[in-house]
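J.: Sharing a model that was predicted from the sequence below.
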Amino acid sequence: MKLSAEERAANRKAFRAMSPAGKAEYIFSYYKLPLVLVLLGLVFLGTVLHNNLTKKEAVLYLGCCNIAVGEELRQTLTSEYLSAAGLNPRRQEVYVYDGLYLSDDPPAEYHEYSYASRLKLLASVNSKQLDVVLMNRESYDLLSAAGYLLELPEAMEHAGTALSAAATPLLTENEVVLEDNAIEYNLSEADQYEALTATVANAMEISRGQLLAEAGFSDTVYLGVIANSPRTDSVWRYISYMLGM
C-alpha cells in the first residue's frame, strides 16, 4: 500500500530518532532479502573476477607414471621451463598429473588406486589434455601396448634436425598391439590370448638426457609423447629444454 506524504515524513522522522543499532536492525528487518541478494551478487562477481585474474593457461600437460618427482625437480620441469622459454609463470603453467600408478598386476592395497589412475589417464587423453609422459619401464610397456604413444623418429623430423640429432641416440623401441582377441579371451570365448604387434620407437631414455641425468633416479625414466596431443610445437620445445638445447 502506498504511503501518504505525511506518513513517509513521520517514518523518516522516526528513523532519524533511532539509535545506530536500531537503524541497523530496522534496515536488516525490512530489507533483508534485497541485501542478501546484493551480497550474493557481489560474492559471485568477486569470484569470477578473481578466477579470471588468477587463472593460468596450460601450455603443456605432463603426466608422471610410476615415478616420484620431488619439489626441486618439479620446479625445474615447470616454472623454470616457463622462464627459460620466455613465458610468464604467473599467467601460464605446465600442468602436472602427479602420482599416476599403472600396473597390470598391482598389489591388493593399490588395486583401486591403479584403476583410478587408468581412468584419469584415459580421461585426460580423450580430452586432449595430456602431452608428455615420464614413465618407468612397467608403465611404458602398458602405454606402448595400448597405442597411446607417438612414433617419434618421423615426427621429430618435422621438429628440426637439431632436435632429431640430439634425441635419436636416446630413442628406445617397444611393442604396439595392432590387433588382439582380448575381448573374446576375457569372455572365455577364446582359449588363449593372441595379438598382432609391431615394434616402434615411441619413447626416449630421458634419464640419460642432461636435465634428468643429475636427478638421481635409480631406474631408467622414459619420455613419451601422447599420440593425439594438439600441442606438438610446445612438446618439441619442452623436449629440447629437457635435452639441454
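T.: Okay, I see it.
J.: Any buried residues in the strand or helix carrying V177, and which?
T.: For V177, the host element (DSSP states H and E) is strand 171-180. Across strand 171-180, burial judged by 16 or more other C-beta atoms under 10 Å covers 171-172, 174, 176. Placement of C-beta: from N, CA and C, glycine included.
J.: Tell me the first helix or strand C-terminal of the worst-scoring helix or strand of the chain on mean pLDDT.
T.: Within the chain, judged by mean pLDDT, DSSP states H and E, the helix or strand with the poorest mean is helix 20-54; its value is a mean of 57. Next in sequence after helix 20-54, counting helices and strands by DSSP H and E, comes strand 57-65.
J.: Residues contacting that following strand, please?
T.: Residues external to strand 57-65 that are found in contact with it (C-beta atoms under 8 Å, 6 or more residues apart in numbering): 77-78, 82, 87, 91-102, 117, 121, 124, 129-136, 139-140, 143, 231, 234-235, 238.
J.: Low-confidence regions, the chain specifically.
T.: Within the chain, the stretches with pLDDT under 70 are 1-55, 178, 180-195.
J.: how about the helices of it, start to end?
T.: Taking DSSP state H as the criterion, the chain carries its helices at 5-17, 20-54, 71-77, 79-84, 111-126, 137-145, 152-157, 161-167, 182-186, 210-213, 232-242.
J.: Other residues contacting stretch 170-179?
T.: 140-141, 144-147, 149, 152-153, 195-206, 208-209, 222, 243.
J.: filter the residues you listed to the buried ones?
T.: Buried positions within the contacts of stretch 170-179, assessed by neighbour count (16+ other C-beta under 10 Å), are 140-141, 144-145, 149, 152, 200-206, 209, 222, 243.
J.: now, the most widely separated pair of those residues?
T.: With distance counted by C-beta to C-beta, no two of the buried ones among the contacts of stretch 170-179 lie farther apart than A145 and L243, which are 26.2 Å apart.
J.: about what we covered before: please name the strands paired to the strand holding V177 in the sheet, noting orientation.
T.: Based on DSSP bridges, the pairing partners of strand 171-180 within the sheet are strand 195-205 (antiparallel).
J.: and the closest residue to Y101 other than its chain neighbours, what does it touch?
T.: Nearest-residue entry for Y101: S117, 4.8 Å, with adjacent residues in sequence omitted and distances by C-beta to C-beta, 6 or more residues apart in numbering. Residues near S117 by C-beta under 8 Å, 6+ apart: 65, 99-102.
J.: Among the residues you listed, which one lies nearest to E72?
T.: Nearest to E72, judged by C-beta to C-beta, of the contacts of S117 is G99 at 17.2 Å.
J.: who's in contact with that closest one?
T.: Shown here is G99, whose contacts under the criterion C-beta under 8 Å, 6+ apart are 64, 68, 117.
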